[in-house]
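Asks: Pasting a predicted model and its sequence here:
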Number of protein chains: 2
Amino acid sequence: MEFINGVKQKEDISISQLLTGAYIGQTVKLRGAVHNVRDMGDVVFVILRKSEGLVQCVFEAHTADPAAGSLSLSDIRSLKEESAVEVTGRIAAEGRAPYGFELRLSGLEILSEPAEILPLAINKFKMHTSLEAKLALRPISLRNVRERAKFKIQEGIVRGFRDFLMSQGFTEVHTPKIVSRGAEGGSNVFKLDYFNKKAEMGQSPQFYKQTMVGVYDRVFEVAPVFRAEKHNTTRHLNEYVSLDFEMGYIDSFEEIMAMETGFLQYTMELLAKDYQKELDLLDVKLPDVSRIPAVRFDKAKELVAEKYDRRIRNPFDLEPEEELLIGRYFEEEYGSDFVFVTHYPSKKRPFYAMDDPEDARFTLSFDLLFRGLEVTTGGQRIHDYQEILKKMEKRGMDPADIESYLMIFKYGMPPHGGLGIGLERLTMRLLGEQNVREASLFPRDVTRLEP
Amino acid sequence: MEFINGVKQKEDISISQLLTGAYIGQTVKLRGAVHNVRDMGDVVFVILRKSEGLVQCVFEAHTADPAAGSLSLSDIRSLKEESAVEVTGRIAAEGRAPYGFELRLSGLEILSEPAEILPLAINKFKMHTSLEAKLALRPISLRNVRERAKFKIQEGIVRGFRDFLMSQGFTEVHTPKIVSRGAEGGSNVFKLDYFNKKAEMGQSPQFYKQTMVGVYDRVFEVAPVFRAEKHNTTRHLNEYVSLDFEMGYIDSFEEIMAMETGFLQYTMELLAKDYQKELDLLDVKLPDVSRIPAVRFDKAKELVAEKYDRRIRNPFDLEPEEELLIGRYFEEEYGSDFVFVTHYPSKKRPFYAMDDPEDARFTLSFDLLFRGLEVTTGGQRIHDYQEILKKMEKRGMDPADIESYLMIFKYGMPPHGGLGIGLERLTMRLLGEQNVREASLFPRDVTRLEP
């Protein structure tokens, strides 16, 4: 009988192993994709792309290692870009090469070859092509080192979210994405037929995460959400990754903002520690999140109207331009890239939002703006059964439609609140990108269902 | 201007803080739900449910702390179960209480109260109720300590998956769940209208994770998948969480099995370390995963036919009963709860599976059975463009339907493979549950779209 015992060390050496310096002067095997072949005559450089970065391999016809055996200049010259290869060679210090070393080629094995030449110069540092072209060729354009650095940083944000919340006593949950019709209402939902029942794709894990507060006190989820909005803007996606948390036993909704600030503080440190290479590659400077100003919705409108000489057209709504100006105001006045805007009008918030007991026209809720873009919506929720019934009645909603959600209040819920962060928007602003599609591996928008 | 500076320590003390022993003799505040009130006459026990476990609080009328002020026996007696409360009291060692301590009540604040009495005795250690009843009242029944322990262990499995793969150089990715029609084919898909285009919910991130191997060499994703199968069995869900990984530059498909074995080894250690309390609560014994036997599909059928005197009806398919018997065989003969069944017939595998070069009727693929239940499907994939085109032609498939997927082969892909693990099935078998619905917070099946 054959047995599988676990992972064996592969011969293939990683860049981090090479960076220990332990391999200088030694002959090693590396696997990767042929990113670039630069023919300088007697010397040919082969740039190998590995997951962590690029490795310079060099073949010199005259000084070829005798160990190279049959490896010839023409073998190297005929290498096709995007071939998967295993190269053998001695590691030598070389100040001009990435990471300060190169591999002197003595052996080459082709593991697989492409059928056609790339339609896009992905091995250029900057691709200088339109977003449209990049997205149409997304499966290939993501191989560009700058493109993939973006999503490595996105990985770091998600890691930061999870690790920080786990350290704060949160439990990770997985809730269903196919939900019954009429859950949260609204027309911006994708509908589907579920074994002859009306169903829709979840716009948010809202009801489920609140439910789970009754079970674990503090919960989080990282999962896709779906919005059938017809907006084709630089800020909207029809499917995105939502970073959600919900926490019980809060004293005020400020605690939720404090938790988000803690997440941002932890994550910026994590990025600086583990993702500095990618930050440098993209020339990203991390924002200061040591303190984040918080301003009331109505006050923010006034401040902006005053400073930028702008008339308040609708006191109960924020226009995208106003969001940008609020961002600008707090950047100019307090040097902050972030600002919490609090106490949104009750009319603009869902029925489950808790109204401010001091003025029920407003809610105990907030948005977080990052350089003028809303990246988070959160707040305290109603926890009392009679109160939520009353609010539903006022809005003409039928409790029977969401009976299993209302069950949690009927049988007891602690005071609680939470938030949802749009991962792609947060990534986009952090990277300084102008279009949210740049921060989604395979964006879904009104016209885009592929790749 | 108000500023938010990050998380402040709350007055509320956690069970882990109490377990340090530092609070014995001290007066503390604890928040939680009233899980149970046991009135013994002059002494009343209030069991407080916190996310980490239960805390025994005790009120004795005659010896009440003078600090208790106005707190009376009748206050305590009138406490409603599932109220959210803050209790104040002195921590005292008490061998008969959970964790070896109790809280001598001197203060009580009710944070919120239920509107009705629970319809289910969730505060019983075992609820002794039907699965149907538990699922109908899921938002409440999950508050039972054994129910929530299950999903805490599930959290541990997911943590193990991520942490182990990150340590092996994998990158986490997020790929779209709304995909274009006809991607993987088959009738078991949920269809939806996507802005007047035909779309479906992804059955698997297969194409996307392969695509991302071209970018990061090794990737993983934890996300929901959707299957419109009409089977109403104890093993099927119509939406489940899939633990997927895909790795490039492999030498053989055995490397994928080795990686999965490594994940299981890491995860069992993690569970033993961080989730022992939950394992004990559910009386779960972790399986030995130091080595996992691997047997060919055809050989496995023979072994079972021989030992259990069973006729092989279809040499190219495994019946659920055969899976159970294979599981039993390897338990009896090798003491193993797991077995890899390899080299599945080509006809039973998707077009992208790599055929065995030694016998094209079989593939370089595997399933992992856990106590006779398939919990994983994986294998090596075709990486050559001409080869995948040929296989598609043989199956009557049109390359134009999946052009953006085929792009990755056209422009070069390394040899690669991967797998998908059904999180709920793995959890179910680990917990010794007989129905996969027991391992899903809010299961979706043919008749169940709520809660």
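Replies: Yep, that arrived. Everything numeric here is computed off the predicted structure, so don't read it as measured data.

Asks: residues from the stretch 251-400 of chain A in reach of chain B?
Replies: Contact residues, the stretch 251-400 of chain A versus chain B (CB under 8 Å from any CB of the partner chain): A:251, A:254, A:257-259, A:261-262, A:265, A:290-295, A:334, A:340, A:383-386. Using the backbone N, CA and C atoms, a C-beta is placed for each residue, glycine as well.

Asks: Which of the residues you listed fall within helices?
Replies: A:254, A:257-259, A:261-262, A:265, A:334, A:385-386 (DSSP state H).

Asks: would CSV of these with neighbour count, distance to residue B:194 and pLDDT be doable?
Replies: CSV is the format used below for these (neighbours: other CB atoms under 10 Å in any protein chain shown; distance: CB to CB, whole Å; pLDDT from 0 to 100):
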residue, neighbour count, distance to residue B:194, pLDDT
A:254, 19, 40, 97
A:257, 24, 35, 98
A:258, 18, 39, 98
A:259, 25, 35, 98
A:261, 23, 37, 98
A:262, 20, 38, 98
A:265, 20, 39, 98
A:334, 16, 43, 97
A:385, 22, 38, 98
A:386, 11, 41, 98
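
Asks: Pull the number of nearby residues for the residue nearest to residue A:231 when sequence neighbours are not counted.
Replies: Among residues not flanking residue A:231 along the chain, residue A:446 sits closest, at 7.7 Å (CB to CB, 6 or more residues apart in numbering or on different chains). For residue A:446, the neighbour count with other CB atoms under 10 Å in any protein chain shown is 17.

Asks: And residue A:285, by the same measure?
Replies: Neighbours of residue A:285 (other CB under 10 Å): 9.

Asks: That one: what secondary structure?
Replies: Applying DSSP: H, G, I helix; E, B strand; the rest coil to residue A:285 yields a three-state assignment of coil.

Asks: ok now do the closest residue to it other than its chain neighbours, which residues does it touch?
Replies: Nearest residue to residue A:285, sequence neighbours excluded (CB to CB, 6+ apart): residue A:279, at 7.9 Å. By CB atoms under 8 Å, 6 or more residues apart in numbering or on different chains, the contact set of residue A:279 is A:153, A:271-272, A:285-286.

Asks: Same list, those residues, but as JSON lines with pLDDT and distance to residue B:242 please.
Replies: Formatted as JSON lines, these follow (pLDDT from 0 to 100; distance: CB to CB, whole Å):
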{"residue": "A:153", "pLDDT": "98", "distance to residue B:242": "25"}
{"residue": "A:271", "pLDDT": "98", "distance to residue B:242": "28"}
{"residue": "A:272", "pLDDT": "98", "distance to residue B:242": "33"}
{"residue": "A:285", "pLDDT": "97", "distance to residue B:242": "37"}
{"residue": "A:286", "pLDDT": "98", "distance to residue B:242": "33"}
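
Asks: For ChimeraX, write the select line for the buried members of the residues you listed.
Replies: Of these, the buried ones go into a single ChimeraX selection, burial set by 16 or more other CB atoms under 10 Å in any protein chain shown:
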select /A:153,271,286
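
Asks: from the contacts of residue A:279, which single one is nearest chain B?
Replies: Using CB to the nearest CB, residue A:153 is the member of the contacts of residue A:279 that lies nearest chain B, at 11.2 Å.

Asks: Residue A:110 contacts residue A:78, doesn't it?
Replies: No - judged on CB atoms under 8 Å, residue A:110 makes no contact with residue A:78 at a distance of 9.9 Å.

Asks: These two - which one has more neighbours?
Replies: More crowded of residue A:110 and residue A:78, by other CB under 10 Å: residue A:110, with 14 against 10.

Asks: give me the number of residues near the nearest residue to residue A:368 once chain neighbours are set aside?
Replies: Nearest residue to residue A:368, sequence neighbours excluded (CB to CB, 6+ apart): residue A:376, at 3.8 Å. Counted with other CB under 10 Å, residues neighbouring residue A:376 total 23.

Asks: where's residue A:376, which helix or strand?
Replies: Residue A:376 belongs to strand A:373-381 when assigned by DSSP states H and E.

Asks: cool, residue A:208 as well?
Replies: Going by DSSP H and E, residue A:208 is part of helix A:206-216.

Asks: picking that back up, report the two of the contacts of residue A:279 separated the most.
Replies: Within those, A:153 and A:285 form the most distant pair, 12.6 Å apart (CB to CB).

Asks: coming back round to it: next, the buried residues of the strand holding residue A:376.
Replies: A:373-381.

Asks: Would you mind giving those residues as JSON lines with distance to residue A:329 added?
Replies: Converted to JSON lines, those look like this (distance: CB to CB, whole Å):
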{"residue": "A:373", "distance to residue A:329": "14"}
{"residue": "A:374", "distance to residue A:329": "15"}
{"residue": "A:375", "distance to residue A:329": "17"}
{"residue": "A:376", "distance to residue A:329": "19"}
{"residue": "A:377", "distance to residue A:329": "20"}
{"residue": "A:378", "distance to residue A:329": "21"}
{"residue": "A:379", "distance to residue A:329": "22"}
{"residue": "A:380", "distance to residue A:329": "26"}
{"residue": "A:381", "distance to residue A:329": "29"}
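
Asks: Show me which of those is closest to residue A:412.
Replies: Among the buried residues of strand A:373-381, and counting by CB to CB, the member closest to residue A:412 is residue A:381, at 14.2 Å.

Asks: The helix or strand of chain A with the lowest mean pLDDT: what's the following helix or strand?
Replies: Least confident helix or strand of chain A, by mean pLDDT, DSSP states H and E, is helix A:73-77 with a mean of 90. As assigned by DSSP H and E, the chain's next helix or strand after helix A:73-77 is strand A:84-93.
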